[in-house]
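Asker: coords below, sequence missing:
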């Protein structure tokens, strides 16, 4: 758990004094792409959402502001979500 405490959560404000994970929440680690290394809070997500992955808003993807990065569960390791590309 100490490793997770030092990690930044996707969507946390840059000026948040504690941008790390919160107790009682569930997270997936984003791997590769523009959001590599961030944690995604999936607390309360349905099984379908967890299975399908998500298009996450990001300004640092290949489409710039307004773009999205696609991440989904890694086969055999659903705790890690791999990047599969960017979309406008």
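Answerer: Great, that's in hand. Please read all numbers here as calculations on a predicted model, not as lab measurements.

Asker: how many residues are close by residue 83?
Answerer: When neighbours are defined as other CB atoms under 10 Å, residue 83 has 19 of them. C-beta: built from backbone N, CA, C; applies to glycine.

Asker: how far does the one helix or strand it maps to sit from the chain's center?
Answerer: For residue 83, the element it lies in under DSSP states H and E is strand 77-87. On the basis of CA atoms, centre = their mean, to the nearest Å, strand 77-87 sits 8 Å off its chain's mean C-alpha point.

Asker: other SSEs contacting it?
Answerer: Secondary-structure packing of strand 77-87 (3 or more CB pairs under 8 Å, 6 or more residues apart in numbering; DSSP states H and E): strand 27-31, strand 67-74.

Asker: same for the first one, what does it pack against?
Answerer: Applying 3+ CB pairs under 8 Å, 6+ apart, we find strand 27-31 packed against strand 39-41, strand 67-74, strand 77-87.

Asker: follow-up on the earlier one: same list (the helices and strands packed on strand 77-87) but as TSV, adding distance to residue 54 and mean pLDDT.
Answerer: Compiled in TSV, those are given as follows (distance: least, CB to CB, whole Å; pLDDT from 0 to 100):
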stretch	distance to residue 54	mean pLDDT
strand 27-31	9	98
strand 67-74	6	97
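
Asker: that'll do, ta.
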